[in-house]
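Asks: pasted the sequence and its predicted model underneath.
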Amino acid sequence: MLKKLLITRPIATPVLEQAQKTFDVTLHEGGALSVEQAALALAEYDAILPTLGDAFTAEAFGGDIRCKMIGNFGVGYNHIDADAAAAADVIVSNTPDVLTDATADIALTLLLATARRAGEGERMVRSGAWGGFDVKGLLGTHVTGKTLGIVGMGRIGQAIAERCHYGFGMKVVFHNRSPKSTKVAALQLDDLNAVMTEADFVVVATPGGAETMKLIDAAAIAAMKPTGIFINISRGEVVDENALIDALEKGAIAGAGLDVYENEPFVPERLRAMENCVLLPHLGSATQETRQAMGQMALDNIIVWRDGGNPPQRVN
Ligand SMILES: O=CC(=O)O
C-alpha cells in the first residue's frame, strides 16, 4: 500500500508527478492550513509536504498523530514547531542551499531599488507623470563603496556579502550569534547595534523563530544613520514592524526594502503609503528553477524516510 502524502500547495509539475507515482497523494488547494486543518492532516496522513503559512503549531501536534514525516518546502520552518514534532515522533526536514542564490538576489533587488528609488520612478512612468530627464529629480544614493551591515551571516547572508563586496566594492560588517569566518572580507561585530550604526544598508538574513523574534527592535532601528536603508528578506517577525514604520514616518531612517512582513499577507497601510519603501510579496525563492529544486528536495527527503533512511535535510 502506498503511503498517504498530503501536499499543501500545487508544486512544480514534474515533482508533483513523481510524488503521485510514489505516494497516494492528496493535493490541498485551499491555501494555508489553519491549526485545525494541520491537526487533521497530522491525524490522517503518513507524510506531509507543507510550506510557509501552514500552522503546524504545538497545538496542532496535541491530538492523534498518524504522520511520521514533514518534508517542508522552504528553508525557514518557523511555521512548524519542530520540538513539538520531535516529541510526537515526527521528523521535520527543510530545503537549504537550493534557494541561497535566489534569496540573495532578492536582497540585491531591494537594495538597489531602494537606493535608486526605482519604485517611485516606476510608479511615475506608469502614471504618466514623468516629464522627461530631470537633472535634480529622483536622486537616490550611491551603492558602490558604501558599508553593508548584515544581521545573520548564514548561507544567504554570505551570498549577499559576496555580491555586495565583489560587485559593488562595499565594506561588509555583520552580526551573528556565533563566531563566523567568511570567504569575503567582512568584520564581525558582537554588538548588533554597532552594525546598525555603522551600516549605510542593513540587510536582515537571520532565520525566524523564537530566538530571533523582534531582534530588530526600536533601539536597533534608532541606532541606524538617518541616511540608512533597511532591508529584510528573512522573516517579518524578526523586526518590530511598528517601530520600523514609526522610524520611516519620522524620517529617522531613509528607506526600507521589504520582502517579508510580520503578519503575511497583511501589509500595514502606513507602510504601503510610504514612497520610500519598496515592498515585495515574499519573492525570495521565487524563480522557476529554485521552486522546482525546493519541491524536489522536500520530496527526496520524504522518499528517504519512506525507504527507512534518515532524511538528509532533517532539522529535528
Ligand atoms: O522564505 C522562504 C523559505 O524559507 O524558504
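Replies: Received, thanks.
Asks: distance between the lengthiest helix in the chain and the chain's centre?
Replies: Counting residues, the longest helix in the chain under DSSP state H turns out to be helix 288-306. In terms of Cα atoms, centre = their mean, to the nearest Å, the centre of helix 288-306 is found 18 Å from the chain centre.
Asks: check whether that helix contacts the ligand.
Replies: No - applying Cβ under 6 Å from any ligand atom, one finds helix 288-306 separated from the ligand by no less than 6.8 Å. For the C-beta atoms, the positions are set from N, CA and C on the backbone; glycine is no exception.
Asks: and if you look at stretch 225-233?
Replies: No - residues of stretch 225-233 are not located near the ligand by Cβ under 6 Å from any ligand atom, the shortest gap being 8.3 Å.
Asks: how near is Lys146 to the ligand?
Replies: 26 Å (Cβ to the nearest ligand atom, to the nearest Å).
Asks: what bridges to the nearest residue to Ile302 once chain neighbours are set aside?
Replies: Spatial nearest neighbour of Ile302, excluding adjacent residues (Cβ to Cβ, 6 or more residues apart in numbering): Gly71 at 4.1 Å. Per DSSP bridges, the residues bridged to Gly71 are Ser93.
Asks: residues touching Gly71, list them.
Replies: By Cβ atoms under 8 Å, 6 or more residues apart in numbering, the contact list for Gly71 reads Ala47, Ile48, Leu49, Ser93, Ala298, Leu299, Asn301, Ile302, Trp305, Pro311.
Asks: and the residues you listed, which is closest to the ligand?
Replies: Ala298 (10.2 Å; Cβ to the nearest ligand atom).
Asks: count the neighbours of Pro10 for me.
Replies: For Pro10, the neighbour count with other Cβ atoms under 10 Å is 11.
Asks: just checking, it touches Gly30?
Replies: No - if you go by Cβ atoms under 8 Å, Pro10 and Gly30 don't touch, sitting 11.3 Å apart.
Asks: ok so, going back, list buried residues within the contacts of Gly71.
Replies: Ala47, Ile48, Leu49, Ser93, Ala298, Leu299, Asn301, Ile302, Trp305, Pro311 (16 or more other Cβ atoms under 10 Å).
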